[in-house]
Every structure is written in C-alpha cells, then in structure tokens.
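[1] show me how the following folds:
(one chain, ligands or ions: 1)
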Amino acid sequence: MQKDTLSQEFSKLSTKEDSKSDERSDEVDKKKIKPKTGSTDKTVILERLRRLTKDPEQNVLFVIEEGCRETFARNDFNMALQSIKQAFYIRDYVSIFTTPSNLPVYTAAYIPGRALCYYEIFRSHTQLLRLLAKSSRIYLPGSGSGSELIGMSAAMLHVPPARQHVQLYMQDIGDWSEVLDRLEESVRRQWKLDSKQLHCSYEQGDVLEPSPRRDQLIQEADLITFMFVMNELFVNKAKSMALIQSLVSNMKKGAYLLVVDSAGSFSHLKIGDQTYMIYTLLDAIKSLEKVISEDSKWYRYPGHLQYPLDIQNMRYFLRLYRKL
Ligand SMILES: C[S@@+](CC[C@H](N)C(=O)[O-])C[C@H]1O[C@@H](n2cnc3c(N)ncnc32)[C@H](O)[C@@H]1O
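    Here you go, the predicted model:
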C-alpha cells in the first residue's frame with residue numbers, strides 16, 4: 001500500500017475523536033475472582049494451585065525445561081542459538097522462524113521470560129481469568145513458540161475447573177507442531193489439565209494472508225491475542241492494516257482483543273512524517289472499547305529462579321479491547 005493510502009486508512013480508523021474520555025481504567029483488576037459457591041470452590045482452587053508448587057514461577061520454568069529436554073541435549077544447541085542471535089541482530093526474523101532446526105532452540109531460549117510474563121498478565125486481570133474459567137475459544141496468531149500455551153495454562157489453575165473449557169487455536173507461520181506437542185505433554189503431565197479443560201490445536205499459516213479460515217477463526221473467537229507479534233507483522237504495513245480491518249469487521253460483539261508488545265521503539269509505526277506507537281492505531285478504532293490500557297510495564301522475574309539459560313525481563317505495553 002502506498003504511504004498516502006495507508007494514511008487514509010489510518011484516518012478512516014481514527015474517527016474516534018478523543019478516545020481518552022471513554023477509557024476505562026483497570027479498576028476491575030483490583031477485584032479478585034471470588035468463588036461463587038464458597039468453600040467448595042476455594043478448596044478446589046487451592047488443590048489446583050498446589051500443582052504449581054510453592055514456587056509457581058520456578059514450576060513454570062520446570063514445565064518449559066521438561067518440554068525442551070531433548071532440545072537442550074542437542075550437540076548443536078549452542079551453534080543454533082548463536083545463529084538465532086545473529087539473525088536477531090540484523091532483524092532477519094524470517095530466517096529464524098522458517099528454519100525448522102532453529103525452532104525448538106528458540107523456544108528453549110526465548111519463551112521462559114515471556115511465559116512468566118503472560119502467566120502474570122492472565123492471573124492478575126479478572127477479565128482474562130474469567131475467560132479461562134468458562135467455555136472460551138481463543139485464537140492466537142504468532143503463538144507457535146509456546147509462551148502463550150505455558151502462561152495461559154498456568155493461569156488456568158487459578159480458577160475452578162467446573163465450567164472450564166478453554167480451546168486454544170494456535171497459529172504461526174513456522175512449523176511449530178512438534179515443539180508445541182512436547183510443551184503440551186509437559187503441561188498435561190505437571191498441571192493435570194485434561195482435554196476438556198484445555199483443548200489445543202495448531203495450524204501453520206500466515207495471519208497476514210486473507211482467507212475464509214482466518215475470517216472463521218476471528219468470527220468464532222471469544223479472545224484473540226497478539227503477544228509480541230504485532231510489531232513483526234507491521235513490517236508489512238499494508239497487509240497489517242488489512243488484518244486490522246478484518247478484525248474490526250469479523251470479531252463478534254463482546255469478544256476481546258489482547259495486544260501485548262514491546263513498549264520501546266520496536267513498536268513504532270511510521271505513517272507519513274509521524275511516528276506512532278502501534279497501540280495508537282488500535283486505540284483510535286471506534287468499535288473497540290479499551291478495557292485495559294498500560295503503556296509501559298515491566299515484568300521482572302524473581303531473582304532466585306533457576307533455568308539453564310538467562311531469562312529476559314520485559315518492558316511491554318498492554319491493551320485489552322472489547323468489540324462493541
Ligand atoms: C517474537 S515471536 C513471539 C512469539 C510468541 N507470541 C511469544 O510471545 O513468545 C513472533 C512470532 O510471530 C510469528 N509470526 C511472524 N509473522 C507471522 C505471520 N505473518 N503469521 C503468523 N505468525 C507470524 C513468528 O513465527 C514468531 O513465532
């Protein structure tokens with residue numbers, strides 16, 4: 001798309017005059033999900049929480065490490081990790097995520113910090129926890145490496161199981177099925193989530209390519225997540241704008257859109273002479289009500305955690321929107 005056309009698209013989406021007035025603060029966060037049926041639910045939740053052990057963050061890392069055991073044992077592990085780091089340095093994301101032998105190594109090295117952060121996000125926001133406590137279809141583009149699966153599964157143990165039926169529709173441009181299978185096995189073994197409570201499916205696909213399948217995934221979802229994916233997608237502005245249009249027109253009323261991404265310059269979007277944060281574009285969309293809005297937040301992992309590799313702290317922005 002030409003620069004001018006993109007600006008026009010932006011202004012079409014920006015018809016909301018000043019979204020600040022109808023921002024809802026995150027006050028609901030302060031309330032915790034309260035079990036409705038009293039002590040029975042409390043007992044059940046306590047029993048579930050015990051599966052995360054006394055040190056849930058360390059347990060999350062253990063589940064990842066277990067799912068990546070064969071990968072850590074690979075002779076070429078360090079070499080593959082070096083080549084991924086070099087590709088990051090020159091922002092050659094395509095080569096990282098389309099080289100099959102890189103994928104398990106990427107997961108072992110890069111998901112721990114993000115899985116911990118997503119666990120924290122999901123367990124501390126009531127609106128998200130509620131979705132994990134009932135029958136919910138969740139569409140997760142760009143989730144192949146598994147951080148979302150781990151973070152959300154851990155958070156699922158914070159709510160009662162009675163009505164829990166969470167269906168994860170994970171999708172990514174790379175072939176992550178084996179990586180995700182191993183992580184899912186580890187999740188089920190450690191956290192005892194059965195296939196009714198947690199249903200996982202994975203399909204390889206480019207979320208930027210319009211298709212009836214993409215429309216269907218969007219239309220049926222109760223929650224759509226873009227976790228550290230949006231700024232990569234916006235390398236192709238025209239297709240990303242078209243994707244956002246498709247979200248706006250296909251999401252069902254009441255469905256949620258969660259966008260979490262770097263709070264730094266990686267999330268800058270240049271339109272004409274102006275530079276915006278990617279969320280500015282989303283905030284301007286009339287039919288998306290802003291439910292949670294955080295421009296810059298740190299996730300710092302607890303210092304005592306043990307893992308074979310360094311874990312990254314993260315500074316991120318978060319937006320949760322609800323389709324009106
Ligand atoms: C920085 S990683 C983030 C992974 C994961 N969401 C997380 O938070 O750990 C970006 C992911 O987006 C995927 N991705 C990039 N472009 C994509 C596209 N057009 N369609 C689907 N997935 C894409 C990559 O393959 C990669 O797995």
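[2] next to the ligand in this structure, residues from this protein, please.
    Residues of the chain lying close to the ligand (CB under 6 Å from any ligand atom) are 97, 111, 114, 141-145, 147-148, 172-174, 206-208, 227-229, 232-233. For every residue, glycine as well, the C-beta is placed using N, CA and C.
[3] any chance of a ChimeraX selection covering the buried ones in the residues you listed?
    Of these, the buried ones can be selected in ChimeraX as follows, counting by 16 or more other CB atoms under 10 Å:
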select :97,111,114,141,142,143,144,145,147,148,172,173,174,207,208,227,228,229,232,233
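[4] tell me which of the residues of the chain next to the ligand fall in strands.
    Among the residues of the chain next to the ligand, the subset assigned to strands under DSSP state E consists of 141, 172, 227.
[5] what residues of stretch 272-285 count as buried?
    276-285.
[6] now do that stretch: distance to the chain's middle.
    Stretch 272-285 has its C-alpha centroid displaced from the chain centroid by 20 Å (CA atoms, centre = their mean, to the nearest Å).
[7] then stretch 56-74?
    Distance, centroid of stretch 56-74 to centroid of chain: 19 Å (CA atoms, centre = their mean).
[8] need the contact partners of it.
    Stretch 56-74 is contacted by residues 49, 52-53, 77, 80, 104-105, 107-108, 111-112, 115-116, 119, 146, 150-151, 154, 182-183, 185-187, 189-191, 301-302, 304-308, 311 when judged by CB atoms under 8 Å, 6 or more residues apart in numbering.
[9] could you rerun that using 7 Å?
    52-53, 77, 104-105, 107-108, 111-112, 115-116, 119, 150, 154, 182-183, 185-187, 190, 301-302, 305-308 (CB atoms under 7 Å, 6 or more residues apart in numbering).
[10] in PyMOL, select just the buried ones from those residues.
    In PyMOL, a selection of the buried entries from the contacts of stretch 56-74 looks like this (16+ other CB under 10 Å):
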select buried, resi 52+77+104+105+107+108+111+112+115+116+119+150+154+182+183+186+187+190+301+307
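[11] just say helix, strand or coil for Tyr307.
    Assigned with DSSP: H, G, I helix; E, B strand; the rest coil, Tyr307 falls in the coil class.
[12] list the contacts of it.
    Tyr307 is in contact with 61, 65, 112, counting by CB under 7 Å, 6+ apart.
[13] sketch out the low-pLDDT regions of the stretch 1-150 of the chain for me.
    In the prediction, the stretch 1-150 of the chain carries residues with pLDDT under 70 at positions 1-39.
[14] how about the helices in it?
    3-13, 39-50, 56-67, 69-72, 77-89, 93-97, 102-124, 126-132, 147-156 (DSSP state H, counting those that start in this stretch).
[15] separation between Arg189 and Ala154?
    For Arg189, the distance to Ala154 equals 14 Å [CB to CB, to the nearest Å].
[16] likewise for Tyr93?
    27 Å.
[17] and the gap between Tyr119 and the ligand?
    Going from Tyr119 to the ligand by CB to the nearest ligand atom, to the nearest Å gives 12 Å.
[18] same check on Leu324?
    For Leu324, the distance to the ligand equals 26 Å [CB to the nearest ligand atom].
[19] what's the closest non-adjacent residue to that residue?
    Distances taken as CB to CB, 6 or more residues apart in numbering put Ser287 closest to Leu324, at 5.0 Å, once the chain neighbours are dropped.
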